[in-house]
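J.: output the structure for:
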Amino acid sequence: APCAALAATGAAALLCADAFSGLFHWATDNYGDGRTPGLGAVIAAFQGHHLAPWTIAHRPFANNVHKICAAVLPLVLLAAAPSLRRGGGGLALFFWTVFLNAQWASQEFHKWTHTPREQVPALARWAQRRGLILTPREHGLHHRAPFDQRYCILTGACNAPLDAWRVFRRLEYAVWRATGAEPNCWKLDPQLREETIRSGFR
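T.: Sure, this is the predicted structure:
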């Protein structure tokens, strides 16, 4: 039972991490710019990636993930604090440790989808073939204007259901109704804008 609980918690953490990577990717692709307070540099990097996606393949590991690690480390320590006070760990700590560390891993998995196959580590190629991590084919579906789908970059497992359920269109519609702000994908595809607004999601 403990092993089953651990496996289930790990699987849930990875699934949630994949979904979160998609939510964050969608938000930074579609809203804000380089001048946005706090996240300007991140937003500019995500949006600029569409113009020159191959450049990510030339980043060394530390350069590619260090900013995410800097954000993740204090959050891991924050998640661990209650367990350290009481002694021991627990499934909650395991969940957050996996979830948070999966965020920097997703950036490296993302990089490998843009890296020439012969330069991708053998273990990563093995994992890609089995769908354990994001594949070049899956991520390639995102790199089609207006960049409105396939946002998840850890394993890509959540991409199909999120797109099928039109989760990001629903979020865009909600943001537009609440603030009037239009996502970049609407600006690139006026038909997508009209179809989303017309749907109403009632």
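J.: and Ala102, how far is that from Ala79?
T.: When Cβ to Cβ, to the nearest Å is the yardstick, Ala102 and Ala79 sit 13 Å from each other. For glycine as for every other residue, the C-beta is placed from the backbone atoms N, C-alpha and C.
J.: which of these two has more neighbours?
T.: It is Ala102, of Ala102 and Ala79, that has more neighbours when counted by other Cβ atoms under 10 Å, with 21 against 17.
J.: for the more buried one, give me the pLDDT.
T.: You'll see Ala102 listed with a pLDDT of 98.
J.: hey, which helix is longest across this structure?
T.: The single longest helix within the chain, with elements called by DSSP state H, is helix 2-30.
J.: please state the offset of that one from the chain centre?
T.: Its chain's average C-alpha position is 9 Å from that of helix 2-30, according to Cα atoms, centre = their mean, to the nearest Å.
J.: what is the helix or strand that it is followed by packed up against?
T.: Stepping forward along the backbone from helix 2-30, the first helix or strand reached (DSSP states H and E) is helix 40-49. Contacts defined by 3 or more Cβ pairs under 8 Å, 6 or more residues apart in numbering; DSSP states H and E place helix 40-49 against helix 2-30.
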